[in-house]
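Enquirer: Next comes the sequence, and after it the predicted model I'd like to discuss.
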Amino acid sequence: MIGHYELLLASAKTEHQRELYRQRIERERRLIKDLQGELDYRAA
């Protein structure tokens, strides 16, 4: 999913679009990090 937003970011035509895609990328990264932390917690 992040790769898709990175492609959209690269082709964004306005600063508004770029900011929107940056926010989505950050949200996806936080979600992945949170899920990985949850999996680590369950494995312990």
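Expert: Right, received. Where do you want to start?
Enquirer: mind listing the strands for this protein?
Expert: In the chain, no segments count as strands under DSSP state E.
Enquirer: Which neighbouring elements make contact with the lowest-mean-pLDDT helix or strand in it?
Expert: Within the chain, no helix or strand scores below helix 15-43, which has a mean of 91 by mean pLDDT, DSSP states H and E. Judged by 3 or more CB pairs under 8 Å, 6 or more residues apart in numbering; DSSP states H and E, helix 15-43 is in contact with helix 2-10. Using the backbone N, CA and C atoms, a C-beta is placed for each residue, glycine as well.
Enquirer: Would you mark the buried spots in the helix it packs on?
Expert: Y5, L9 (16 or more other CB atoms under 10 Å).
Enquirer: Just the angle for it relative to helix 15-43, thanks.
Expert: 160 degrees (axes from the mean of the first three to the mean of the last three CA atoms, to 10 degrees).
Enquirer: returning to what we had before: go through the least confident helix or strand of the chain and flag the buried ones.
Expert: Those would be Y21, R24, I25, for helix 15-43 by 16+ other CB under 10 Å.
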